[in-house]
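> fold the stuff below for me.
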Amino acid sequence: MLTGVALVIGYALLGATWLVMKTEGELRERAYQLSWILLVAMLCAIGAVSIATPFLAVQYTQRWFAWPNIILTAPVPIAVAAVTALLLRALGNRNDHQPFFLTLALFALSYAGLGISMYPYIVPQSITIWQAAAPANSQIFMLVGVSILVPLILGYTAWAYWVFRGKVRPGHGYH
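Predicted coordinates for the structure are as follows:
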């Protein structure tokens, strides 16, 4: 439940920083205000999940705090602190684009932290990545499909972002 609440807070922060990037005027100012509040909430949620996770299983504690694993895992919280400092500075300087991309980086680092904690399990303590994997023939079939469809999806998404680039001005929209 804790990670679910953290995810909702994170998506709200992502939405607020998106509005900062894409709007002007009163809505942008409100999004800046919400970004500060949601960033504090997200940092509290990341902290709560980070504190709770090592107590869920002994393997998680050993993975994060035992020598020499700590050398491999320490860059994640250090990177979270660095991205947080950059995000605070970007919001303080009222940059329009940086907060959104730094929030995405915070998401990626949070997922990396959870992935490091739970590896190799997909379902904690019961199903590993290898147990959940499909047969090799199915994976090859999917690889062919993905290699065709992902470039098409990325191209379409890039085109959509190009069409809707820039800011939405009050009273105008994209017409």
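
> what's stretch 155-172 in contact with?
With contact meaning Cβ atoms under 8 Å, 6 or more residues apart in numbering, stretch 155-172 is reached by 21-27, 96, 174. Bear in mind the C-beta positions are built from the backbone N, C-alpha and C, glycine included.

> repeat for stretch 8-23
Residues outside stretch 8-23 that contact it (Cβ under 8 Å, 6+ apart): 27-28, 30-32, 34-35, 38-39, 41-42, 45, 96-97, 99-100, 102-104, 106-107, 110, 167-168.

> just name the shakiest helix or strand of the protein by mean pLDDT.
Least confident helix or strand, the chain: strand 121-123 with a mean of 72, by mean pLDDT, DSSP states H and E.

> strands paired with the helix or strand following it, and their directions?
As assigned by DSSP states H and E, the chain's next helix or strand after strand 121-123 is strand 127-128. Its sheet considered, strand 127-128 pairs with strand 121-123 (antiparallel) by DSSP bridges.

> what are the buried residues along the strand it pairs with?
residue 121 (16 or more other Cβ atoms under 10 Å).

> related to what we said a few turns ago, quick check, nearest of the contacts of stretch 155-172 to residue 117?
residue 21 (31.2 Å; Cβ to Cβ).

> got the domain boundaries for the protein?
The domain map for the chain lists 2-128, 134-175, with the assignment taken from automatic domain parsing.
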